[in-house]
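Chemist: sequence unknown, structure follows:
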């Protein structure tokens with residue numbers, strides 16, 4: 001399921017969507033907040049330009065919105081429905097989960113967005 005060549009591999013690892021040989025980010029750790037969105041200009045292996053067009057990753061905001069809604073609904077269902085907590089506690093669980101998962105959702109949204117436009121090519125030659 002999480003093999004090289006799948007979109008899920010590229011999304012979860014943050015690797016180049018075309019060759020999947022290197023990370024798109026300068027710092028692989030999303031918990032380093034000052035470098036969370038710093039990306040390489042191009043893939044050093046296949047030469048793919050990550051910023052396909054000016055302001056390309058603004059579209060990732062829509063993906064981020066969807067991911068945040070999914071996390072919020074999941075947190076609500078787990079806290080309110082499964083554990084039977086009050087609405088106040090469920091609301092706190094939603095806010096806490098969104099804060100904790102913020103750096104991951106930020107990167108996953110970028111990864112999902114670029115993977116919508118670029119597919120894996122196993123025949124990609126090193127530049």
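Modeler: On my side now, so go ahead. Just so we're clear, the structure is a prediction, and the values are computed from it rather than from any experiment. Numbering: from 1, shown residues only.
Chemist: Which helix runs longest in this structure?
Modeler: For the chain, the helix with the greatest residue count under DSSP state H is helix 87-117.
Chemist: Can you tell me the closest non-neighbouring residue to residue 112?
Modeler: In this structure, residue 112 finds its nearest non-sequential neighbour in residue 63, 5.0 Å apart by Cβ to Cβ, 6 or more residues apart in numbering. All C-beta atoms are positioned from the backbone trio N, CA, C, and that covers glycine.
Chemist: Next: residue 85.
Modeler: In this structure, residue 85 finds its nearest non-sequential neighbour in residue 79, 4.9 Å apart by Cβ to Cβ, 6+ apart.
Chemist: quick one on the thing from earlier: which element is the residue nearest to residue 112 on?
Modeler: With the criterion set as DSSP states H and E, the secondary-structure element containing residue 63 is helix 60-76.
Chemist: Distance from that helix to the middle of the chain?
Modeler: Centroid displacement of helix 60-76 relative to its chain, using Cα atoms, centre = their mean, to the nearest Å, is 12 Å.
Chemist: can you list contacts of that helix?
Modeler: Under the criterion Cβ atoms under 8 Å, 6 or more residues apart in numbering, residues 90, 93-94, 96-98, 101, 105-106, 108-110, 112-113 lie in contact with helix 60-76.
Chemist: ok, now stretch 39-59?
Modeler: Counting by Cβ under 8 Å, 6+ apart, stretch 39-59 makes contact with 16-19, 21-26, 110, 113-114, 117-118, 121, 124-127, all of which sit outside it.
Chemist: List the ones among those residues that fall in strands.
Modeler: The members of these all map outside strands under DSSP state E.
Chemist: Local confidence estimate at residue 124?
Modeler: Turning to residue 124, the model gives it a pLDDT of 77.
Chemist: Residue 121 now?
Modeler: At residue 121 the predicted local confidence, pLDDT, stands at 87.
Chemist: Over to residue 6?
Modeler: pLDDT recorded at residue 6 is 88.
Chemist: Identify the residue nearest it in space, chain neighbours excluded?
Modeler: Going by Cβ to Cβ, 6+ apart, residue 6 has residue 120 as its nearest residue, at 7.5 Å.
Chemist: For residue 2, which non-adjacent residue is closest in space?
Modeler: Leaving out its chain neighbours, the residue that sits closest to residue 2 by Cβ to Cβ, 6+ apart is residue 9, at 5.4 Å.
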